[in-house]
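S.K.: have a look; sequence and predicted model below, questions after that.
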Amino acid sequence: MKGLIRLELTRALRNRKFLFFSVVYPSILFLLIAGSADSTTKVDGTGLTLPTYMMVSMASFGALTAVLMGNSERIAKERESGWVRQLRLTTLPGRGYVFAKTASAAVVSLPSIVVIFVVAAVVKDVRLDAWQWLALTGAIWAGSLVFAALGVAIGYSASGDAVRPITMIVYFGMSLLGGLWSPTTDFPQWLQDIAAWVPTHAYAALGQAIEQSQAPHAKDLVVLAVSFALFTGGAAWLYRKDTLKA
């Protein structure tokens, strides 16, 4: 299993296009959205400045890109090419393949988080306590596993040709509705009510609670826990279904 994880990491790190969209692209979006914002104007209902608020949103977006986009398309293509079938002939258990995909995606998501934090601190002078930086990194990194599981599920649910449009719809829909591109307080009330139940909104809310030196809201934890259970359960069921077809 360790060998497969190393292989997955090597492949991901060699993919310059993937690294650009998961590491560099979120930082560019952060500068476009928060670049002209001052350090005094607060986002309604949060007490956070726009750069501080969007730092967590874009770090979450970068991690989402790494674990969702990376997993779904690669798994679908490997199923289609027969690579997954070949692995089943080895001693590697099925859960080992899924774990290797999830672990490699999680490792790649860490640079996207750190780069956003560095850009926000250097360019927009975002200042937090040391424990907050550490807690933010841990919370966003750990929370990305929810969407890594979703990526595995999508990869096993669609063919190589269909997986990209499905992934893009889920990716952009969750990013938009979850408030990763703009504060949900700017949404109409009916859309805010919907966004409150989107897992990406709960994901970013964890980091924003840390920035406010507050405990995460129980509702956000429940949304993430239920989402993780559904995504992992779906991935496991789809994996078994795919195994029976082979």
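M.R.: Perfect, I can see it now.
S.K.: can you show me the helices along this structure?
M.R.: With DSSP state H as the definition, the chain shows helices at residue ranges 2-14, 16-19, 25-34, 50-64, 70-81, 83-88, 94-123, 130-157, 163-177, 189-195, 199-211, 218-245.
S.K.: distance check, the spatially most central residue of the chain against residue 222.
M.R.: With distances taken as C-alpha atoms, centre = their mean, the residue of the chain nearest its centroid is residue 64 (1.8 Å). To residue 222, residue 64 is 20 Å away according to C-beta to C-beta, to the nearest Å. (C-beta placed from N, C-alpha, C; glycine too.)
S.K.: same question, residue 66
M.R.: Here residue 66 is placed at a distance of 25 Å from residue 222 (C-beta to C-beta).
S.K.: ok, these two, which is more surrounded?
M.R.: Shown here are residue 66 and residue 222; by other C-beta atoms under 10 Å, residue 66 has more neighbours (31 against 11).
S.K.: show me what contacts residue 216?
M.R.: Under the criterion of C-beta atoms under 8 Å, 6 or more residues apart in numbering, the contact list for residue 216 reads 205, 206, 209, 210.
S.K.: what does the nearest residue to the third one once chain neighbours are set aside show for phi and psi?
M.R.: Looking back up the chat, that one is residue 209. Once flanking residues are discounted, residue 209 sits nearest to residue 216: 4.7 Å by C-beta to C-beta, 6 or more residues apart in numbering. Recorded main-chain torsions at residue 216 are phi -60, psi 150, according to degrees, to the nearest 10.
S.K.: make TSV out of the helices of the chain and add mean pLDDT.
M.R.: Formatted as TSV, those follow (pLDDT from 0 to 100):
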stretch	mean pLDDT
helix 2-14	59
helix 16-19	69
helix 25-34	89
helix 50-64	92
helix 70-81	74
helix 83-88	59
helix 94-123	79
helix 130-157	91
helix 163-177	91
helix 189-195	92
helix 199-211	95
helix 218-245	84
